[in-house]
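Student: got a sequence here, can you build the structure:
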Amino acid sequence: MSRASPELSGYCKYFLPHHCVLKEDSTTTKLRVVFDDSPTPDSGHSLNDVLMAGPIIQPKLFHILIRFRTYPVALTADICKMYRCVRVTSADSYFQCILWRDSPQKDIEIFNLDTVTYKTKSASFQSVRAMHQLAFDERDAFPIVSDAIKQDSYVDDLISGANSIAEARKFARRLGYCLVKTSSFESGVPVTKKVVLFKGADVEIHGHCDASVEAYGACIYVVARSPLATSRILCSKSRVAPLKTLTVPKLELCGAKLLASLMHEVKRTDIFVRQFYCWCDSSVVLDKR
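Tutor: Sure thing, here's the model as predicted:
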């Protein structure tokens, strides 16, 4: 945030209402300033009305979580004040002006917000895009960290892992000082829903679907054939039957479609490159006519 000089105050295009939110039990940020970009001025358009949201450029959360479960050591982190780490151009800062004075006895001053502001429509895209650009620019120096930022980050949360505690600690140090709430877990500690025990085994992916008059669903298992046959559930999805009454064969077809979509998303992660099998006990679904 920078003070706008009196001779440049005429360049201010939009003023943001703001107020504080105090959270005394917070361990990181006890006082937060909230800006509102939606109020409509006399022009008839708010700042968010004229901003574009930008495309979604980060991986699906489903893909991130599936990849996260394959690491022997899990590592999570949070980027500290992510939006405040991304600077906007000087010209754009005049669309993010605020009025402020330290006390009622002082004159009102104008300040420009020089970084991305939370709750603006484009804030999420701008921050993620800047993070991806940083990962691209520094890939030669930090290849592992660069890949993790692009593949294992969801907005300001990093959900990644490593093959050992030592590697996880090295990884965490290279992520930089701007990360908070960093933690890691070794697979020997009771962390639930891990599928990493199949490392080095002959792995197959098996999906099952079923339906009843009340609901239909699908689940996918990771099966290791060596040295001993072992299976773990990877993911599942279910749907309540529509209010409009459908026959069980039609619901079985809905379950099969749900399984096909779920299996497609698992294949898109490019984690499992072995055989994929889909199973169903409905003769209607299996009928090739």
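
Student: strands along the protein, start to end?
Tutor: With DSSP state E applied, the chain shows strands at 2-3, 18-22, 31-35, 73-79, 97-100, 109-112, 153-154, 157-162, 179-186, 203-211, 215-224, 230-240, 276-279, listed in chain order.

Student: what angle do the fourth one and strand 157-162 make?
Tutor: If I follow you right, that is strand 73-79. When axes from the mean of the first three to the mean of the last three C-alpha atoms, to 10 degrees is applied, the directions of strand 73-79 and strand 157-162 differ by 150 degrees.

Student: quick one: low-confidence parts of the stretch 151-289 of the chain?
Tutor: 176-201, 227, 288-289 (pLDDT under 70).

Student: quick one: the strands of the chain as JSON lines, columns for mean neighbour count and distance to residue 267 too.
Tutor: Any C-beta I mention is one placed from the backbone N, CA and C, and that applies to glycine too. Formatted as JSON lines, these follow (neighbours: other C-beta atoms under 10 Å; distance: least, C-beta to C-beta, whole Å):
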{"stretch": "strand 2-3", "mean neighbour count": "10", "distance to residue 267": "49"}
{"stretch": "strand 18-22", "mean neighbour count": "10", "distance to residue 267": "43"}
{"stretch": "strand 31-35", "mean neighbour count": "13", "distance to residue 267": "41"}
{"stretch": "strand 73-79", "mean neighbour count": "21", "distance to residue 267": "23"}
{"stretch": "strand 97-100", "mean neighbour count": "16", "distance to residue 267": "49"}
{"stretch": "strand 109-112", "mean neighbour count": "17", "distance to residue 267": "48"}
{"stretch": "strand 153-154", "mean neighbour count": "18", "distance to residue 267": "21"}
{"stretch": "strand 157-162", "mean neighbour count": "21", "distance to residue 267": "20"}
{"stretch": "strand 179-186", "mean neighbour count": "15", "distance to residue 267": "27"}
{"stretch": "strand 203-211", "mean neighbour count": "20", "distance to residue 267": "8"}
{"stretch": "strand 215-224", "mean neighbour count": "21", "distance to residue 267": "10"}
{"stretch": "strand 230-240", "mean neighbour count": "15", "distance to residue 267": "12"}
{"stretch": "strand 276-279", "mean neighbour count": "14", "distance to residue 267": "6"}
